[in-house]
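> the following block contains a protein sequence and its predicted model.
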Amino acid sequence: MPRKADATQPTAPETPARRSPCPVACALDLFGDRWTLLVIRDLLLGRSRFKDFAASPEGIPTNILSDRLTRLLESGIVSQVPVEGGKRLAYELTEKGRALKPVLAAMKEWGLRWEEGTQVGLESRS
């Protein structure tokens, strides 16, 4: 018979439910929506502040931007760092986040080759 959980014992944080153990599905669970890779792109380009991400030409709504940054923090893809001379925090990619650079580079090359009218602009050079 299973024991009841002791209310005084700390519980382990819940891990997010995964659709499957497939590595592609797991990666898509982290950054497979319409906005997250654009935030990662901006971080790779040196942007680091909420206002910088909000000013991207794609026009991410601020409530969605807040949610995506929280998810990226929780998943260890970004971290927050103090801004020099201020009380605010900026975002930076962790090693895990920087490892996405070749993924974005491959997507850029694919888009340039296969999607008519695409071009490398100031916002998407990587």
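The structure has been received and is ready for your questions.

> hmm, residue 119 is touching residue 108, no?
No: with contact defined as CB atoms under 8 Å, residue 119 and residue 108 do not form a contacting pair (10.4 Å). Placement of C-beta: from N, CA and C, glycine included.

> spit out the residues that contact the two alike.
Taking CB atoms under 8 Å, 6 or more residues apart in numbering as the contact rule, residue 119 and residue 108 have no neighbour in common.

> low pLDDT regions in the protein?
1-16, 122-126 (pLDDT under 70).

> quick test: name the residue nearest the centre of it.
Central residue check for the chain by CA atoms, centre = their mean: the C-alpha nearest the mean position is that of residue 72, 4.3 Å away.

> what residues are up against the residue nearest to that residue when sequence neighbours are not counted?
What sits nearest to residue 72 in space, not counting adjacent residues and going by CB to CB, 6 or more residues apart in numbering, is residue 78, at 4.3 Å. Residues touching residue 78, when contacts are defined by CB under 8 Å, 6+ apart, comprise 43, 69, 72, 91-94, 97.

> tell me which of these fall in strands.
Assignment to strands by DSSP state E places the following of these there: 91-93.

> nearest to residue 52 among those residues?
When those are compared for distance to residue 52 (CB to CB), residue 91 wins out at 9.2 Å.

> and that closest one, what does it touch?
The contact partners of residue 91, taken as CB under 8 Å, 6+ apart, are 43, 48-50, 69, 72-73, 78-81.

> of those residues, grab the buried ones for PyMOL.
To isolate in PyMOL the members of these that are buried, counting by 16 or more other CB atoms under 10 Å, one can use:
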select buried, resi 43+48+50+69+72+78
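
> just the contacts of residue 91: which are in helices?
Counting by DSSP state H, the part of the contacts of residue 91 found in helices is 43, 50, 69, 72-73.
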